[in-house]
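Colleague: Structure for the following, please:
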Amino acid sequence: MRALSWQTTPGGVYYKRSLAKEVLGTDDPAEIGNMMSSMDGVFEVAEKMKQKGYKMFPDEGAIRWFSQGANPKAWVNDKNELVLTEDKINYMDYAKELREKQYTALAPEWSPSWFEGMSKPIKVKEDSKEVETQVFSYVLPTWGLHSVLKDSAKWYAGVIADQKAKHADSVEA
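Modeller: Modelled structure (predicted):
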């Protein structure tokens, strides 16, 4: 063995259940997962979100994790050459389509608007106009729930905490 990663973290798509219920007619994770089980499905959901005035993701970079998980080859090899696998090329095409169809809020990861979009509407530029929108989903590693979402969306974290407290007697330690 030459090296061992210090972190292997699965990830997921975290979404606002209220927007899912409003736009998709359900907030059930299994049903939403089925709707988004392919990139075609993701784009279908994104179009529905756009029709209601919402954004699918904060930015195009959100989907980069989709192309890295199944194809872990480095972008640059040991000869300093760019390695473009089919998955990486597909990612770039999907990212371009997200931008062109205005499915993202243009809120780069870790920016103030990226954090704000987790808990409240944010302002974005569309066709030279400033509009207010909400971000439907974030693609994050599992630690993102506790270290990012809960800290940035206090109201939602409070709802989760209230639900846990209400059902604490039914949870085994």
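Colleague: Next, work out how far apart the spatially most central residue of the chain and D93 are.
Modeller: What sits nearest the mean C-alpha location of the chain, by CA atoms, centre = their mean, is Y138, with 2.3 Å. From Y138 across to D93, the span is 22 Å (CB to CB, to the nearest Å). Quick note: C-beta positions are derived from backbone N, CA and C, even for glycine.
Colleague: And M35, by the same measure?
Modeller: As judged by CB to CB, M35 and D93 stand 21 Å apart.
Colleague: Among the two, which residue is more densely surrounded?
Modeller: Taking neighbours as other CB atoms under 10 Å, M35 and D93 compare with M35 leading, 16 against 11.
Colleague: Need the pLDDT of the more buried one.
Modeller: Per-residue confidence (pLDDT) for M35: 97.
Colleague: go on, L82?
Modeller: L82 carries a pLDDT value of 93.
Colleague: Strands of this protein, residue ranges please.
Modeller: Under the criterion DSSP state E, the chain contains strands at 11-15, 122-126, 129-133, 137-141.
Colleague: Now the last one: buried residues?
Modeller: Read that as strand 137-141. S137, Y138, V139, L140 (16 or more other CB atoms under 10 Å).
Colleague: Looks like the last one contacts T9 (just checking).
Modeller: No. With contact taken as CB atoms under 8 Å, L140 and T9 are classed as non-touching, separated by 9.5 Å.
Colleague: Could you list the low-confidence segments of the protein?
Modeller: Along the chain, the model assigns pLDDT under 70 to residues 1, 4-7, 67-70, 154-173.
Colleague: Regarding it, what is its longest helix?
Modeller: helix 86-100 (DSSP state H).
Colleague: So which bits of that one are buried?
Modeller: Within helix 86-100, the residues that count as buried by 16+ other CB under 10 Å are K88, Y91, Y94, A95, L98.
Colleague: Same check on stretch 139-153?
Modeller: Within stretch 139-153, the residues scored as buried using 16+ other CB under 10 Å are V139, L140, G144, V148, L149, K150, S152, A153.
Colleague: could you list every residue that touches the fourth one?
Modeller: I take that to be V148. By CB atoms under 8 Å, 6 or more residues apart in numbering, the contact set of V148 is F115, M118, Y138, L140.
Colleague: so what's the third one closest to, chain neighbours aside?
Modeller: Put plainly, it is Y138. With CB to CB, 6 or more residues apart in numbering as the criterion, Y138 has its nearest non-adjacent residue at 5.0 Å, and that residue is Y14.
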